[in-house]
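**Q** quick one: sequence plus predicted model below, questions after.
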Amino acid sequence: MVAKSTRDLEILKSLDAKDILQKTIKPYRELTAAAVILGIFQGIILNLAFVYAALKLGFSIGGSTVAAITGYALLRGVYKKGTMIENNINQTIASGINTAGTGIVFTLPALLMLNAKWQSQGLETIDFSLMPFVVAGVAGAILGVVLIIPLRKQMIELDRLRFPSGVAVTTIIRSGAAGFDKAKLLGIGFVISALWKLLMISGWLNIPGVLEGEEFNFSFGVLPDYIAPVIYLSLMNMAAGMLSGKGGLPFFIGGLIGWWLISPTATHLGWIPSSVGTAEYAGYVYSQMLRPLGIGTLVGGALMSVIVAFPALKGALKSLAQATKTAKDGHTSHDEMPLWVLLAGLVFAITLFFTASYLSPGVSFNQALLSAVVGTLWLGLAGLVVAQATGMTDISPLSGMALISVTLMMFLLGGNIAAAMIVGVAVCVAIGQAADMMQDLKTGHMLGGKPI
């Protein structure tokens, strides 16, 4: 026993404190295979669900909250090894995948719908291929990350911008046992919504002229169509209202103004041509009045939001200049991404951007080069504005930036709709990733994760 104890003592003496700690304390779980696999799996599922919801509702919802709740339940409840930082890796990957899908869903479907409309009217269709859009989406995802990462230290640690969604996700991840309660509520909502959807699409509750599928017609067979809106009874609409809070009220108010004020006023003042039949009033008012008015209002609001966001733009540029100065002074810590990695990602993404534009029918080499350069500059500027605006208010003017980018590229590319939309896809994905990345980095900062 003495000899054994002496031998053990000699071994201990030969080891320094660091070696002893490494042998006795297990490393803290952060970037693990479980977190990566779960994040990818959740990202795919959330992307499918939220893309469908975005196409149905007209706006999207971030997936960080859902991924954090289910991540805690699976990593900690099932796997029994999950940590807060590991769960943050999971939700970061999931939300990144979901954000890329959101960037595409508000651009590419417009081209598909326009092409289908022209085809149905016997007009010349748009010549395009889906592959350039895939390449543009990948380029946008990379550009959004590499252009915003250098601002992490300035925006989060020095300027200390709020990033409310990032703070909310931090609260969820820190909630501990409460995560199981949230997971239960998530499951209950899932089951109720799925059963209600099944009931609606089965047609068991159908009432001809009043309730057909999920469409509830307020006319009740009595009111004229131009004053009777149709409401979708999908629980997705109600869930979106619950998640958006008071911010969802303008959607409801806009519907009331359109169908209970503008539509009956236009009808009774005789603004509808006599050639339009009474049964076609609702369709005419919607297509010829409400939609153009709504689009004009949207574009006007988007342009004004950019003008009003000038202080945020100024602050973002100041942050970028300060971050550059800090790097030059040699104050970059080992937690920062090496400059060569960012430059390599930037060059690779711009090359993809150029390739996507050049693959589009009707685009010359010079036009593709112009598209890649101007598009990169614009999405970098837009990414700065969106990240700054998100950090200050949690509001992301993504749709407005997409509208402006498509309009700009339509002008530069001689009216080539498909090529302009390729830039729109890249810009939407990039600025969405920039804002989402900053939210996730804010969560990681508050949880004590390693930024790199």
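**A** Received the coordinates, thanks. Fair warning: this is a prediction, and the values are worked out from it, not measured in the lab.

**Q** all strands for the protein, in order.
**A** For the chain, applying DSSP state E gives strands covering 211-212, 215-217, 230-232.

**Q** I'd like these as TSV, with mean neighbour count appended.
**A** C-betas here are computed from N, CA, C, even on glycine. Shown next, in TSV, are the strands of the chain (neighbours: other CB atoms under 10 Å):
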stretch	mean neighbour count
strand 211-212	15
strand 215-217	16
strand 230-232	14
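
**Q** could you dump the ones you listed to CSV with mean pLDDT and distance to G283?
**A** Listed next are the strands of the chain as CSV, based on pLDDT from 0 to 100; distance: least, CB to CB, whole Å:
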stretch, mean pLDDT, distance to G283
strand 211-212, 78, 17
strand 215-217, 79, 14
strand 230-232, 77, 12
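
**Q** for Q154, which of those is the nearest?
**A** Ranking the strands of the chain by proximity to Q154 (CB to CB) places strand 230-232 first, at 43.7 Å.

**Q** rewinding a little: of the strands of the chain, which approaches M421 most closely?
**A** Of the strands of the chain, nearest to M421 by CB to CB is strand 230-232, at 27.3 Å.

**Q** and the contacts of the closest one?
**A** K56, E214, E215, F216, N217, F218, N237 (CB atoms under 8 Å, 6 or more residues apart in numbering).

**Q** so what touches stretch 345-358?
**A** Contacting residues not belonging to stretch 345-358 are listed as 132-133, 135-136, 138-140, 142-143, 145-147, 363, 365, 367-369, 371-373, 375-376, 419, 422-423, 426 [CB under 8 Å, 6+ apart].

**Q** among the residues you listed, name the ones in helices.
**A** Among the contacts of stretch 345-358, DSSP state H puts 132-133, 135-136, 138-140, 142-143, 145-147, 365, 367-369, 371-373, 375-376, 419, 422-423, 426 in helices.

**Q** coming back round to it: need the buried ones from the contacts of stretch 345-358 selected in ChimeraX.
**A** The buried residues among the contacts of stretch 345-358 can be selected in ChimeraX (16 or more other CB atoms under 10 Å) with this line:
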select :132,133,135,136,138,139,140,142,143,145,146,147,363,367,368,371,372,375,376,419,422,423,426
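
**Q** what's the spacing between the nearest residue to Y281 once chain neighbours are set aside and L290?
**A** Leaving aside its chain neighbours, Y281 sits nearest to Y226 (4.3 Å; criterion: CB to CB, 6 or more residues apart in numbering). For Y226, the distance to L290 (CB to CB, to the nearest Å) stands at 10 Å.

**Q** and for I142?
**A** For I142, the distance to L290 (CB to CB) stands at 39 Å.

**Q** one step back: looking at Y226 and L290, which is more packed in?
**A** Between Y226 and L290, counted using other CB atoms under 10 Å, Y226 has the larger neighbour count: 23 against 20.

**Q** isn't the more buried one right next to M289, touching?
**A** No - Y226 lies out of contact with M289 (CB atoms under 8 Å); the separation is 10.3 Å.

**Q** run a quick neighbour tally on Y284.
**A** When neighbours are counted by other CB under 10 Å, Y284 registers 20.

**Q** pretty sure it sits against S274.
**A** No - with contacts counted by CB under 8 Å, Y284 stays clear of S274, the gap being 11.6 Å.

**Q** residue contacts, the closest residue to S95 other than its chain neighbours?
**A** Excluding the flanking residues, the one nearest S95 by CB to CB, 6+ apart is S64, at 4.3 Å. Neighbouring residues of S64 by CB under 8 Å, 6+ apart: Q91, T92, A94, S95, S165, V169, D436, Q439, D440, T443.

**Q** any idea how far K117 is from C428?
**A** The gap separating C428 from K117 is 22 Å, by CB to CB.

**Q** for I417, same thing?
**A** Going from I417 to K117 by CB to CB gives 12 Å.

**Q** now swap in T390 and tell me
**A** Applying CB to CB, the value for T390 to K117 is 34 Å.

**Q** of the two, which one has the most company?
**A** T390 (28 against 11).

**Q** neighbours of the closest residue to that one other than its chain neighbours, how many?
**A** Of all residues not flanking T390 in the chain, A435 sits nearest, at 4.3 Å (CB to CB, 6+ apart). Using other CB under 10 Å, A435 is surrounded by 29 other residues.

**Q** same deal with S274?
**A** Per other CB under 10 Å, the neighbour tally for S274 reads 6.

**Q** next one: phi and psi at it?
**A** phi -70, psi -20 (degrees, to the nearest 10).

**Q** give the contact list for P264.
**A** Counting by CB under 8 Å, 6+ apart, P264 touches Y226, I227.

**Q** how close does it get to L46?
**A** When distance is defined by CB to CB, P264 is 41 Å away from L46.

**Q** with S219 instead?
**A** S219 is 37 Å from L46, by CB to CB.

**Q** likewise for G380?
**A** According to CB to CB, G380 and L46 sit 27 Å apart.

**Q** same check on V222?
**A** Per CB to CB, V222 is found 42 Å from L46.

**Q** coming back round to it: who touches both of Y226 and M289?
**A** Both Y226 and M289 are in contact with S263, where contact means CB under 8 Å, 6+ apart.

**Q** my guess is G189 contacts A239, does it?
**A** Yes - using CB under 8 Å, G189 is in contact with A239, at 7.3 Å.

**Q** just give me the neighbour total for G187.
**A** By the measure other CB under 10 Å, the count of residues near G187 is 13.

**Q** tell me which residues touch it, please.
**A** Applying CB under 8 Å, 6+ apart to G187 gives no contacts.

**Q** go again using 10 Å as the cut-off
**A** Contacts here follow CB atoms under 10 Å, 6 or more residues apart in numbering; on that basis G187 touches I69, T70, A73.

**Q** what's the neighbour count on the first one?
**A** Think I69. Using other CB under 10 Å, the number of residues around I69 comes to 26.
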